[in-house]
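Colleague: next come a sequence and a model predicted from it.
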Amino acid sequence: MKDDRRALVLAGGGITGIAWELGMIAGLAELGVDLSGADLVIGTSAGSVAGAQLRSGTPIERLYAGQLEAAEGELSATLPKASLLRWALLGLAPGNEEKARQRIGRAALAKKTVPESDRREVIESRLTDRSWPRRPFKVTAVDASSGEFVVFDNESGVPLVDAVGASCAVPMVWPPVTIRGRRYIDGGVRSSVNADLAQGYGRVVVLAPFTASLRRSGRVGPQLERLGPHVHTAVVTPDANTRRAMGSNALDPAFRSDAAKAGRSQARLVRDTVAVAWGEPPH
């Protein structure tokens, strides 16, 4: 029997990534493709925030409008090129993937950042509902000490705010998040997408502000291939106009509104591609 269950994968991409994803979802909904009805939502980093908001049941137009408001309460940050280079070197050093993530995690633990409590307040302010949704929602993170890849859901016994905070804890920018005595960092350390978690679903749509990965296993193409040959998939990434609107710093809240508007506008260009993968008729 053909499996037509649908999974929505929301990838990492900073503050502007959250805005773009919600703008895209709002634009597609306006055009008759409702991604909020997904049987499963998978969120990594920025995608964990967008996914939590979408799964909260808050109308998408209200979520979109929120992205157009002044980004009060957000902490602006940058990811210096030196940190990116260090991340790359740690990730590509000899050893398996878990060891590579462990090296990045240890660097994150050693880095002085803002207090963990300050960052938690920011995550709380982003969530329209701080309880786990009833419908399936998976949030990715990485154990900073062991490098283990972890998936949180409503059966994990972990508060949603902490799960999302862990998924958004960009190494060497934001503090690792403490959960049951362990500390966790961004799920994007494993992959910015993590689309392979949609195993068993027949229709998969990926919204990905970024898709780059140092290792092939972290790239969206190979991950979707592992789902099987009969899965209907669509991957949407920012086009040139959207990339300009999102600016050069994904962690800068000043670009949030423009990113949301760009996502909504771009939805017109990808509507039919997404509709076919989602099992909806094209125009």
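Modeller: Received it, and whenever you're ready, just let me know what you need. Numbering: from 1, shown residues only.

Colleague: show me which strand runs longest in this structure.
Modeller: Assignment by DSSP state E gives strand 137-143 as the longest strand of the chain.

Colleague: packing partners for the helix or strand following it?
Modeller: Using DSSP states H and E, the next helix or strand after strand 137-143 towards the C-terminus is strand 149-152. For strand 149-152, the contact count by 3 or more C-beta pairs under 8 Å, 6 or more residues apart in numbering; DSSP states H and E identifies strand 137-143, helix 160-167 as packing neighbours. In this view, the C-beta of every residue, glycine as well, is placed from N, C-alpha and C.

Colleague: okay, and the nearest residue to residue 20 once chain neighbours are set aside sits in which element?
Modeller: Distances taken as C-beta to C-beta, 6 or more residues apart in numbering put residue 263 closest to residue 20, at 3.9 Å, once the chain neighbours are dropped. Residue 263 belongs to helix 256-278 when assigned by DSSP H and E.

Colleague: which residues in the stretch 151-283 of the chain form helices?
Modeller: With DSSP state H, counting those that start in this stretch, the ranges of helices along the stretch 151-283 of the chain come out as 160-167, 220-225, 240-246, 256-278.

Colleague: tell me the most buried of the ones you listed?
Modeller: Mean neighbours per residue, mean count of other C-beta atoms under 10 Å, is largest over the helices of the stretch 151-283 of the chain for helix 160-167, with a mean of 27.

Colleague: elements contacting it?
Modeller: helix 46-55, helix 116-126, strand 137-143, strand 149-152, strand 177-179, strand 182-186.

Colleague: ok, now with 7 Å
Modeller: Secondary-structure packing of helix 160-167 (3 or more C-beta pairs under 7 Å, 6 or more residues apart in numbering; DSSP states H and E): helix 46-55, helix 116-126, strand 137-143, strand 177-179.

Colleague: and the contacts of it?
Modeller: The contact list for helix 160-167 (C-beta atoms under 7 Å, 6 or more residues apart in numbering) reads 43-45, 48-49, 52, 119-120, 123-124, 127, 130-132, 139-141, 152, 177, 179, 184, 186-187.

Colleague: with stretch 235-246 instead?
Modeller: Residues contacting stretch 235-246 (C-beta under 7 Å, 6+ apart): 16, 20, 24, 206-209, 211, 220, 255, 258-259, 261-263, 266, 269-270, 274.

Colleague: I'd like the average pLDDT over it.
Modeller: Averaged over stretch 235-246, pLDDT sits at 96.

Colleague: what pLDDT does the model give the residue nearest to residue 253 when sequence neighbours are not counted?
Modeller: Excluding the flanking residues, the one nearest residue 253 by C-beta to C-beta, 6+ apart is residue 71, at 3.4 Å. On pLDDT, residue 71 comes in at 77.

Colleague: ranking helices and strands of this structure by mean pLDDT, which lands last?
Modeller: Using mean pLDDT, DSSP states H and E, the weakest-scoring helix or strand in the chain turns out to be helix 81-92, at a mean of 64.

Colleague: low-confidence ranges, the stretch 51-200 of the chain, go.
Modeller: Applying pLDDT under 70 to the stretch 51-200 of the chain flags residues 79-95.

Colleague: rerun at 90
Modeller: 70-97, 100 (pLDDT under 90).

Colleague: on that earlier part again, and the residue nearest to residue 253, how far is that from residue 252?
Modeller: From residue 71 across to residue 252, the span is 9 Å (C-beta to C-beta, to the nearest Å).

Colleague: what's the answer for residue 281, then?
Modeller: In this structure, residue 281 and residue 252 are 39 Å apart, going by C-beta to C-beta.

Colleague: the two - which one has more neighbours?
Modeller: Between residue 281 and residue 252, residue 252 has the larger neighbour count (other C-beta atoms under 10 Å), namely 19 against 9.

Colleague: contacts only, for the spatially most central residue of the chain.
Modeller: Per C-alpha atoms, centre = their mean, the C-alpha nearest to the average position across the chain is that of residue 47, at 2.3 Å. With contacts defined as C-beta under 7 Å, 6+ apart, residue 47 is in contact with 10, 11, 12, 21.

Colleague: one more time with 6 Å, if that's ok
Modeller: Counting by C-beta atoms under 6 Å, 6 or more residues apart in numbering, residue 47 makes contact with 10, 11.
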